[in-house]
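Q: curious how this folds, go ahead:
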Amino acid sequence: MRRYRPNVVLDGDDSGFTENGWPGRGITLGDGPELKVSITVMRCVMTTLAQSDLPADVDTLRTIAKHNRLEIPGMGVWACAGVYADVTAGGSVSVGDAYVVS
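A: So this is what the prediction gives:
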């Protein structure tokens, strides 16, 4: 997870890349913040480079490319993991808060 530097990590019961179905949907975190998911995150070679105390790892991008390649309209096919989202309502969120994808 540290290699990809996410702002929020959601724990769910689903396996695979559940977030692939989230673009266009909303997410409410805990009792406050609301997000609008815009697009899946296209991953590039930068994630394979050494970062701080993480060694270089070319397999990280290869693994995503093997298991989750998506067509991004107007941009081609990419190895994807995660989503970009815009904050539509502010608030506080804490580790362990529930979330709802709508």
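Q: for this protein, what's the longest strand?
A: strand 76-89 (DSSP state E).
Q: pairing partners for whichever helix or strand comes after that strand, with directions?
A: From strand 76-89 onward toward the C-terminus, using DSSP states H and E, the following helix or strand is strand 99-101. Strand 99-101 sits in its sheet next to strand 26-29 (antiparallel), going by DSSP bridges.
Q: give the buried residues for stretch 43-63.
A: 43, 47-48, 60-61 (16 or more other Cβ atoms under 10 Å). Yep, even glycine has a C-beta here, placed from its N, CA and C like the rest.
Q: quick check, nearest of the residues you listed to residue 74?
A: Residue 74 has its nearest neighbour among these in residue 43, at 17.8 Å by Cβ to Cβ.
Q: distance of residue 10 from residue 76?
A: Per Cβ to Cβ, to the nearest Å, residue 10 is found 27 Å from residue 76.
Q: ok, residue 31 next?
A: Counting by Cβ to Cβ - residue 31 and residue 76 are separated by 40 Å.
Q: what's the answer for residue 52, then?
A: The gap separating residue 52 from residue 76 is 31 Å, by Cβ to Cβ.
Q: residue 97: how many residues sit nearby?
A: For residue 97, the neighbour count with other Cβ atoms under 10 Å is 15.
Q: so what's it up against?
A: Shown in contact with residue 97 (Cβ atoms under 8 Å, 6 or more residues apart in numbering): 29-31.
Q: out of residue 10 and residue 76, which sits in the busier spot?
A: residue 10 (15 against 9).
Q: test my guess that that one contacts residue 98.
A: No. Using Cβ atoms under 8 Å, residue 10 makes no contact with residue 98, being 9.9 Å away.
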